[in-house]
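A.B. asks: need a structure here:
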Amino acid sequence: MILQALAEYYQRKVSDPKSDLAPIGWEWKELPFLLVINEEGDLRAIEDTREKKGNRLRAKSFLVIQGEKRSSGIKPNLLWDNVEYVLGANPRGRSDFAKRHKAFKERIADEFPEGTEPLGVLAVKRFLDKNPLEQINKKFGESELWKEIFESNAFVTFRLEGDNSATIFDEMRGLFPKEDSFADPQERGICLVSGKKAQILKLHPAIKGVRGTNTSGASVVSFNLDAFSSYGKRQNFNAPLSNEAVFAYSTGLNYLLRRDSENKVSVGNTTIVFWADKAEQELFDMEQNFPLFINDPPKDDPDRGVRAVRALYQFASSGKMPASSGERFFVLGLAPNAARISVRFWRSGTLNDFSEKMIQHFDDIEIVKGPKEPEFLTLNQLIRSTAVGRKMENALPKLAADVLTSVMDGTPYPKPFMQQCVMRIRAEKHIGRARAAILKGCINRYQRKYGDKRREALSVALDRENLSTAYRLGRLFAVLERIQEVSHPGINATIRDRFYGAASSSPVSVFPRLLKLKNHHLAKMENQGQKTFYEREIGEIISEIKAFPRFLPIDQQALFAVGYYHQRQEIFRKKEERNK
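C.D. replies: Below is the predicted model:
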């Protein structure tokens, strides 16, 4: 299903006249340098294709014949490669550099027999026969440019002098790939994607762009040990795929994973790609907006994510959901696993399904906020609030991916989401909007799935009708803290800094003492109206508390935290807003 969806995505993209996807047998490759030669094979110049983007130099991408998958051995690419293969240079001090250069020349001779080669390839053959390394050393040996190319073992290809083409590959469109040039002629079988009998590929191209994998890429489909094989099949013959299917799925996935891709996001150690059946949705473009639900809003447009969520709500309430038309949306989560790529999750469904699940998520985490806080919280903002120092690298590795899958499935958030949040609150003595939103969402989603349906879910703001003892204890703690702050203006540390952990886990050991201290704080208040207000609040809260529990489990500690947050927000709301 995954490979089939990726192959269909490739076919849809490549059929678009505006698409820049590589045709079968080709790939886009960043090549920092071009060797400019004339028809006689003389080196005329070295062209630097790099451009400055930000603080880095970025090489230009060129369409080249698909490269070889290599981790060891000698496998030259056709008409492009690093300077070891192309020029016979030896920047890494290898003993087989001469064999690599020889293999590079032999492959060109095999692919283009004498008398059949295009003009550009003939010029390359002549250049390689004239000791290319000696030509470069004679003309550019003292230059900083050649020193940089040599030391970095850079990738290069050729351009013919006086030709308007970008590279010599431009005149070879249609010549490649040759029929079944990538297949094993002795292996035929039923392709798992197309369902047709075809020659089967033994090795699949590398997938690049997954965070944590090697720069040379890794495999999604790979059988390199006997333990993974069955029925005597070798390597990828265990998962029979035709050349066309392999090229389609690998090119489509590499395109989604390319640098600067708008269809890729990273959460924790998981790289996520997503795409839709259609390039653009008429009512709501999920492809364009999906990253805004996960990533932080861009600095140059901080309200972009807010607009995306509002558009999602408008789309859902429009009554024009296009689910019946069969438009589907796909989400694929990938993670590194040695030389392979593991599929962490795979979800497909209609745009209607995804929209409803996303809206349910935003409804569940909606909570009262300050006037300057963002209207909606992204997944990354939520995950960071559970980590030490609010740094993404300190978050649990799988947490972000697990939360996202629960959002897409409409199931309760993973238990570590609540546990990590409660632990950080107790360690830092600070709740905040994001942590309160997480706990509210965890409680409501769990109750919706497993709890008593008659019980009312936690509300967005203060709920005076909530009879939960833990929730009311959190409210009581917030009022007691505020009494201390009002009676001691400018106080550096409040009861939250000293007693929050004990109050939220073993209330009976703390609250009797805090209620006694409260009387001393009230006695110092000069404003009688304030004193009456706080005494009334305490009376309303404790009226439904039968006894202080000896111990609160973690789900009750979460209720305590939400009650505390709700009450604090209520205290600082303006009187007009409270009346409204």
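A.B. asks: contacts, neighbours, all on C-alpha from now
C.D. replies: Fine.
A.B. asks: spell out the residue ranges of the helices in the stretch 151-300 of the chain.
C.D. replies: With DSSP state H, counting those that start in this stretch, the ranges of helices along the stretch 151-300 of the chain come out as 243-256, 286-289.
A.B. asks: mind checking how far Lys357 is from Ala437?
C.D. replies: Using Cα to Cα, to the nearest Å, Lys357 is found at 17 Å from Ala437.
A.B. asks: residue nearest the centroid of the protein?
C.D. replies: By Cα atoms, centre = their mean, the mean C-alpha position of the chain lies nearest to Ser266, the distance being 1.9 Å.
A.B. asks: ok, Lys357 and Ala437, which is more surrounded?
C.D. replies: Using other Cα atoms under 10 Å as the criterion, Lys357 and Ala437 rank with Ala437 on top: 23 against 17.
A.B. asks: in three-state terms, label the more buried one for me.
C.D. replies: At Ala437, secondary structure determined by DSSP: H, G, I helix; E, B strand; the rest coil is helix.
A.B. asks: that one against Glu366, yeah?
C.D. replies: Yes. Ala437 lies in contact with Glu366 (Cα atoms under 8 Å); the separation is 6.3 Å.
A.B. asks: before we move on, the earlier item: Throw the helices of the stretch 151-300 of the chain into JSON lines and include distance to Gly529 and mean pLDDT, thanks.
C.D. replies: Formatted as JSON lines, the helices of the stretch 151-300 of the chain follow (distance: least, Cα to Cα, whole Å; pLDDT from 0 to 100):
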{"stretch": "helix 243-256", "distance to Gly529": "63", "mean pLDDT": "91"}
{"stretch": "helix 286-289", "distance to Gly529": "50", "mean pLDDT": "80"}
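A.B. asks: now the helix or strand hosting Gly539: buried residues?
C.D. replies: Using DSSP states H and E, Gly539 falls within helix 528-542. Residues of helix 528-542 classed as buried: 531, 534-535, 538, 541-542 (neighbour count, 16 or more other Cα atoms under 10 Å).
A.B. asks: which of these sits closest to Tyr313?
C.D. replies: Checking those against Tyr313 by Cα to Cα gives Ile541 as the nearest, at 35.8 Å.
A.B. asks: do you know how far the closest one is from Asp42?
C.D. replies: Using Cα to Cα, Ile541 is found at 90 Å from Asp42.
A.B. asks: show me where pLDDT drops low in the protein?
C.D. replies: Low-confidence segments of the chain (pLDDT under 70): 177-186, 278-284, 316-326, 452-456, 574-580.
A.B. asks: may I ask you to confirm that Asn254 is in contact with Ile207?
C.D. replies: Yes. Using Cα under 8 Å, Asn254 is in contact with Ile207, at 5.9 Å.
A.B. asks: how many neighbours does the residue lying closest to Thr469 once chain neighbours are set aside have?
C.D. replies: Leaving out its chain neighbours, the residue that sits closest to Thr469 by Cα to Cα, 6 or more residues apart in numbering is Ile545, at 5.9 Å. Counted with other Cα under 10 Å, the neighbours of Ile545 add up to 15.
A.B. asks: again, but for Gly410
C.D. replies: By other Cα under 10 Å, 18 other residues sit near Gly410.
A.B. asks: check contacts around the nearest residue to it once chain neighbours are set aside.
C.D. replies: Sequence neighbours aside, Lys357 is the residue nearest to Gly410 in space, at 5.6 Å (criterion: Cα to Cα, 6+ apart). Applying Cα atoms under 8 Å, 6 or more residues apart in numbering, one finds that Lys357 lies in contact with 407-410.
A.B. asks: dump the residues you listed to JSON lines, plus distance to Pro91 and secondary structure.
C.D. replies: Output for the contacts of Lys357, formatted as JSON lines (distance: Cα to Cα, whole Å; DSSP: H, G, I helix; E, B strand; the rest coil):
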{"residue": "Val407", "distance to Pro91": "50", "secondary structure": "helix"}
{"residue": "Met408", "distance to Pro91": "50", "secondary structure": "helix"}
{"residue": "Asp409", "distance to Pro91": "52", "secondary structure": "helix"}
{"residue": "Gly410", "distance to Pro91": "55", "secondary structure": "coil"}
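A.B. asks: please identify which of those residues is nearest to Arg568.
C.D. replies: Val407 (28.6 Å).
A.B. asks: pretty sure the closest one is touching Ile359, no?
C.D. replies: No. Val407 lies out of contact with Ile359 (Cα under 8 Å); the separation is 9.4 Å.
A.B. asks: higher neighbour count, those two?
C.D. replies: Comparing Val407 with Ile359 by neighbour count (other Cα under 10 Å), the higher total belongs to Val407, at 19 against 16.
A.B. asks: domains of this protein?
C.D. replies: If you go by automatic domain parsing, the domain ranges for the chain are 2-21+179-256, 26-172, 465-580.
A.B. asks: show me where the stretch 351-500 of the chain has strands.
C.D. replies: Assigned by DSSP state E, counting those that start in this stretch, the stretch 351-500 of the chain shows no strands.
A.B. asks: all helices of it, in order?
C.D. replies: 351-365, 379-384, 399-409, 415-428, 432-450, 469-487, 495-505.
A.B. asks: and Lys516, which of the ones you listed is closest to it?
C.D. replies: helix 469-487 (10.5 Å).
A.B. asks: what comes up buried for stretch 102-109?
C.D. replies: Going by neighbour count (16+ other Cα under 10 Å), the buried part of stretch 102-109 is 102-105, 108.
A.B. asks: for the closest residue to Asp20 other than its chain neighbours, what are its contacts?
C.D. replies: Counting by Cα to Cα, 6+ apart, Val14 is the residue found nearest to Asp20 once chain neighbours are left out, at 7.5 Å. By Cα under 8 Å, 6+ apart, the contact list for Val14 reads 20-23.
A.B. asks: distance of the residue nearest to the centre of the chain from Thr411?
C.D. replies: Applying Cα to Cα, one obtains 22 Å for the distance of Ser266 from Thr411.
A.B. asks: cool, and Lys531?
C.D. replies: As judged by Cα to Cα, Lys531 and Thr411 stand 45 Å apart.
A.B. asks: just to revisit the earlier point, so for Pro397, which of the domains of the chain sits nearest?
C.D. replies: Among those, domain 2-21+179-256 sits nearest to Pro397 (Cα to Cα), with 12.2 Å.
A.B. asks: mind checking which helix or strand Ala89 is in?
C.D. replies: Per DSSP H and E, there is no helix or strand for Ala89.
A.B. asks: can I assume Asn394 is in contact with Ser385?
C.D. replies: No. The pair Asn394 / Ser385 is not scored as a contact, 10.3 Å apart, by Cα under 8 Å.
A.B. asks: looking at these two, which is more packed in?
C.D. replies: Shown here are Asn394 and Ser385; by other Cα under 10 Å, Ser385 has more neighbours (23 against 14).
A.B. asks: now that one. Its backbone dihedrals?
C.D. replies: phi -70, psi -10 (degrees, to the nearest 10).
A.B. asks: tell me who's in contact with it.
C.D. replies: 421, 434-435.
A.B. asks: try 10 Å this time
C.D. replies: Residues in contact with Ser385 (Cα atoms under 10 Å, 6 or more residues apart in numbering) are 391-392, 395, 420-421, 424-425, 431-435, 438.
A.B. asks: by neighbour count, which of those wins?
C.D. replies: If you count neighbours using other Cα under 10 Å, the busiest of those is Arg435, which has 29 neighbours.
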